[in-house]
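Participant: task: produce atomic coordinates for the following.
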Amino acid sequence: MLRDRLNQGLRHLPTWAVYICMALPLPLFFWQGIAGALGPEPIRALEHLYGQVALAYLVASLAITPLRRVWGINLLRFRRAAGVMGFVYVVAHLLVWLLLDIASAAAIWADIVKRPYITVGMAAFVLLVPLAMTSTNAAQRRLGPRWGQLHKLAYPAILLGGIHYVMQAKGWQLQPILWLGAILLLLALRLGRKSRKRQPSLG
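Facilitator: Predicted structure coming up:
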């Protein structure tokens, strides 16, 4: 069966190779910006590219469990890689904005306060920080059951990331709306299943 062959092949794929593949766009996009290949506003384009990749990786981490439940494709070994690399690209997105776009402490704070889409984006980043800091096996062992509770922050963080993407777009653009729709669907699949598990059996 194709699914079984795919899962067997995935079991032989080393996690470090996934990290490397996910990291490749980071220097590539930066080099394109330096080389003038990102258009007339390379800083803004670089900022958006890093943000889009960050959201894609975070959504991928959210999709791994439903993918296994619905289609039987097991990517659980790579969920941490998707989450960690998503956070790396969030940091890159933030650093481009802080150091290359704004480059002024006063202007940064003013933007966070006055621009709702930046406020939402910063809220998502704040929620992701403790997840990244506790992404190791050692942290999982140390926190015990609290680790799972803490990492539920991924749900609102990714949702806020999708809202941030929609809000920063000029007008109602299709791509950000589709990403937000995918996030809402994945959250519904995950949270709906947990709700059904809590319901008492009538049998």
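Participant: Ile73: which element?
Facilitator: When elements are assigned from DSSP states H and E, Ile73 belongs to no helix and no strand.
Participant: and the gap between it and Met133?
Facilitator: 29 Å (C-beta to C-beta, to the nearest Å). Every residue, glycine included, has its C-beta placed from N, CA and C.
Participant: higher neighbour count, these two?
Facilitator: Neighbours were counted for Ile73 and for Met133 using other C-beta atoms under 10 Å; Ile73 has more, 14 against 11.
Participant: quick one: stretch 137-154 to chain centroid distance?
Facilitator: Remark: stretch 137-154 is offset 18 Å from the chain centroid, using C-alpha atoms, centre = their mean, to the nearest Å.
Participant: end-to-end on it?
Facilitator: Length of stretch 137-154, first residue to last, C-alpha to C-alpha, to the nearest Å: 17 Å.
Participant: could you look up the SS state of Gly39?
Facilitator: Secondary structure, DSSP: H, G, I helix; E, B strand; the rest coil: Gly39 is coil.
Participant: burial count for it?
Facilitator: 10.
Participant: got the contact list for Ala81?
Facilitator: Contact partners of Ala81, counting by C-beta atoms under 8 Å, 6 or more residues apart in numbering, are 15, 18-19, 22.
Participant: and for Tyr117?
Facilitator: 164, 167-168.
Participant: spatially nearest residue to the residue nearest the centre of the chain (excluding sequence neighbours)?
Facilitator: Centroid-nearest residue in the chain, with C-alpha atoms, centre = their mean: Leu58, separated by 2.1 Å. Nearest-residue entry for Leu58: Gly86, 3.8 Å, with adjacent residues in sequence omitted and distances by C-beta to C-beta, 6 or more residues apart in numbering.
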